[in-house]
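Student: coordinates only, sequence not included:
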């Protein structure tokens, strides 16, 4: 074991944190030799969650979890102790929590009459079924950079299936057909239960408190250096025997320029790109400002590294059209139970047992989800928090004559109560914090082979990418699993670890899963 070998991880998201854990657990690297460098004030990247009852809680979003998939994620979190359940791992506490609070959504789609839309049938015509079968059966290489609309007719996008699938996973018709196909295969089990979201699993609290904090606590206990407010602006590098070799890091730490020299054998992992780059928040009285990568820096390092290096991918494919990659979310903090009480009566679901409630005829295509309370570790009794989002934030609302992206928190609540036919008194105590995310589904943009680099690109020696923008065969982006799997692949490749990486579970090869999906498609 080379105990002097060091590792530098650029970006503090779940991918880098997972990579650090794999370096220690499976690579035997001392934690004190590992540094995670993040430009923000906190670790966790897109798995954020912050605030308090007085000023309001806020989270940009939450990724869907499932214990039927997410093989690498649970492989990792079986090793991370729970913060709240002594003697249990994060995996153990999550399984136990979901056994007590199983999901069974009874109000998945709501129409303009405030009526629950029947969802036993997916609403497919025979043409829809044939086109969907053809797309799911196509070889990914045949699909290239085509869009979903290139393969499915306009009527498909009015089916109950599409409204449920698109709002569960945040797909848009113009997104990558190849990624949509991957989702159909990876989440075949969810196809047959998409109307109840019975396969969705939740952490006890939001994912920052339940996943990031325990992992961070464990890393700190191992001696890992977590450096915030540190922006890596460039990599010093050389070419040795035809290979790209990183020799140093250029960074700005608390406003001061610094250079870190690497020794022979040191490793560098870069989180290339960011789906939450340039995100912004507003308030009850102010809309979230509209930003882009010009006001932020989440793409700059990858863009610089990719110039003249085709093996480093093509970031422009993913970050060049905000209109096709953004949506808005909002987090609502309540100091009384009026809203939750009415939602339970209306939906038939106690908070934490339903899933998304989508307003099918909403111009914004708005959805909300009420999680089990408390949703934050520091959330006091008597305070409740829920989250929602809209896939079309550039459209004028049904009840507020403004695009969602230009709305204050108060206006978003007005639109929501309009769809629910709730009196505004139910949200009289509410603090709604809107959030605009210009690149949130950028990883869904149509792509061709080579646009995403491999975790360890060809012709490199001590360098790897970890993010939602690398190529991981068979797996699907916009999941915690994708970041964790990419991290595990990168660490194992650079350290030559022989321990097998948990494979993607082939649910699409299961005759039972295929039969259940077929029955659902024929309804």
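Tutor: Sure thing, it's come through. Predicted model only: the values in this text are computed from it and were never measured. Numbering: from 1, shown residues only.

Student: Contacts only, for residue 488.
Tutor: Residues in contact with residue 488 (Cβ atoms under 8 Å, 6 or more residues apart in numbering) are 18, 19, 22, 72, 75, 76, 501. C-beta coordinates here come from the backbone N, C-alpha and C atoms, glycine included.

Student: Share the number of residues neighbouring the fourth one, please.
Tutor: Neighbour count for residue 72, taken as other Cβ atoms under 10 Å: 26.

Student: swap in the first one?
Tutor: Around residue 18 there are 30 other residues, counting by other Cβ under 10 Å.

Student: Going by distance to residue 136, which of the contacts of residue 488 wins?
Tutor: The shortest gap between residue 136 and any of the contacts of residue 488 belongs to residue 72, at 24.1 Å (Cβ to Cβ).

Student: any idea which helix or strand carries the closest one?
Tutor: Using DSSP states H and E, residue 72 sits in helix 71-77.

Student: got it, and residue 482?
Tutor: helix 480-495.

Student: Which secondary structure state is assigned to residue 216?
Tutor: Secondary structure assignment for residue 216 (DSSP: H, G, I helix; E, B strand; the rest coil): helix.

Student: Could you do residue 237 as well?
Tutor: Relying on three-state DSSP, one would call residue 237 strand.

Student: Around the residue nearest to it when sequence neighbours are not counted, how many other residues sit close by?
Tutor: Of all residues not flanking residue 237 in the chain, residue 246 sits nearest, at 5.1 Å (Cβ to Cβ, 6 or more residues apart in numbering). Number of residues near residue 246 (other Cβ under 10 Å) recorded here: 20.

Student: you'd agree residue 246 is up against residue 239?
Tutor: No - in this structure residue 246 lies outside contact range of residue 239 using Cβ atoms under 8 Å: 11.2 Å.

Student: Now the helix holding residue 482: buried residues?
Tutor: Using 16 or more other Cβ atoms under 10 Å as the burial criterion, the residues of helix 480-495 that qualify are 480-492, 494-495.

Student: And for stretch 51-62?
Tutor: For stretch 51-62, by 16+ other Cβ under 10 Å, it's 51, 53, 56, 57, 58, 59, 60, 61, 62.

Student: cool, stretch 419-434 as well?
Tutor: The neighbour-count check on stretch 419-434 (16+ other Cβ under 10 Å) flags 419, 420, 422, 426, 427, 430, 431, 432, 433, 434 as buried.

Student: wait, which of those is closest to residue 277?
Tutor: residue 434 (17.7 Å).

Student: Which other helices and strands does whichever helix or strand the closest one is part of contact?
Tutor: Taking DSSP H and E as the definition, residue 434 sits inside strand 431-437. Contact partners of strand 431-437 among helices and strands, from 3 or more Cβ pairs under 8 Å, 6 or more residues apart in numbering; DSSP states H and E: strand 56-58, strand 280-281, strand 327-334, helix 409-420.

Student: So which elements touch the third one?
Tutor: What it means is strand 327-334. Checking 3+ Cβ pairs under 8 Å, 6+ apart, strand 327-334 ends up next to strand 56-58, strand 384-390, helix 409-420, strand 431-437.

Student: switch to 7 Å and redo it
Tutor: strand 56-58, strand 384-390, strand 431-437 (3 or more Cβ pairs under 7 Å, 6 or more residues apart in numbering; DSSP states H and E).

Student: List the contacts of that strand.
Tutor: Strand 327-334 has contacts (Cβ atoms under 7 Å, 6 or more residues apart in numbering) with 53, 56-61, 383-391, 393, 404-405, 409, 412, 429-437, 440.

Student: Pull the contacting residues for the closest residue to residue 489 other than its chain neighbours.
Tutor: Using Cβ to Cβ, 6+ apart and skipping residues adjacent in sequence, the residue nearest residue 489 is residue 455, 4.6 Å away. The contact partners of residue 455, by Cβ under 7 Å, 6+ apart, come to 464, 465, 466, 470, 486, 489, 490, 493.

Student: Check what pLDDT residue 455 gets.
Tutor: pLDDT, residue 455: 98.

Student: Backbone dihedrals for it, both of them.
Tutor: phi -50, psi -40 (degrees, to the nearest 10).

Student: With residue 236 as the reference, measure out to it.
Tutor: 22 Å (Cβ to Cβ, to the nearest Å).

Student: Look at the residue lying farthest from the centre of the chain and report its pLDDT.
Tutor: No residue in the chain sits farther from the centre than residue 241, which is 38.2 Å out by Cα atoms, centre = their mean. Per-residue pLDDT puts residue 241 at 95.

Student: Please apply the same query to residue 134.
Tutor: At residue 134, pLDDT is 96.

Student: if we can go back for a sec, now render the helices and strands packed on strand 431-437 as CSV, adding mean pLDDT and distance to residue 451.
Tutor: Shown next, in CSV, are the helices and strands packed on strand 431-437 (pLDDT from 0 to 100; distance: least, Cβ to Cβ, whole Å):
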stretch, mean pLDDT, distance to residue 451
strand 56-58, 98, 32
strand 280-281, 98, 27
strand 327-334, 98, 22
helix 409-420, 98, 35
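
Student: Would you mind listing which of the contacts of residue 488 are buried?
Tutor: 18, 19, 22, 72, 75, 76, 501.

Student: Looking at those, which is nearest residue 10?
Tutor: residue 19 (10.7 Å).

Student: wait, doesn't that closest one sit right on residue 269?
Tutor: Yes - under the criterion of Cβ atoms under 7 Å, residue 19 makes contact with residue 269 at 5.4 Å.

Student: between those two, what contacts are shared?
Tutor: Going by Cβ under 7 Å, 6+ apart, residues that sit against residue 19 and also against residue 269 are 9, 466, 490.

Student: Export those residues as JSON lines, with columns for pLDDT and distance to residue 352.
Tutor: Output for those, formatted as JSON lines (pLDDT from 0 to 100; distance: Cβ to Cβ, whole Å):
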{"residue": "9", "pLDDT": "98", "distance to residue 352": "34"}
{"residue": "466", "pLDDT": "97", "distance to residue 352": "32"}
{"residue": "490", "pLDDT": "98", "distance to residue 352": "35"}
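
Student: Using CSV, please lay out the residues you listed together with distance to residue 284.
Tutor: Output for the shared contacts of residue 19 and residue 269, formatted as CSV (distance: Cβ to Cβ, whole Å):
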residue, distance to residue 284
9, 37
466, 37
490, 42
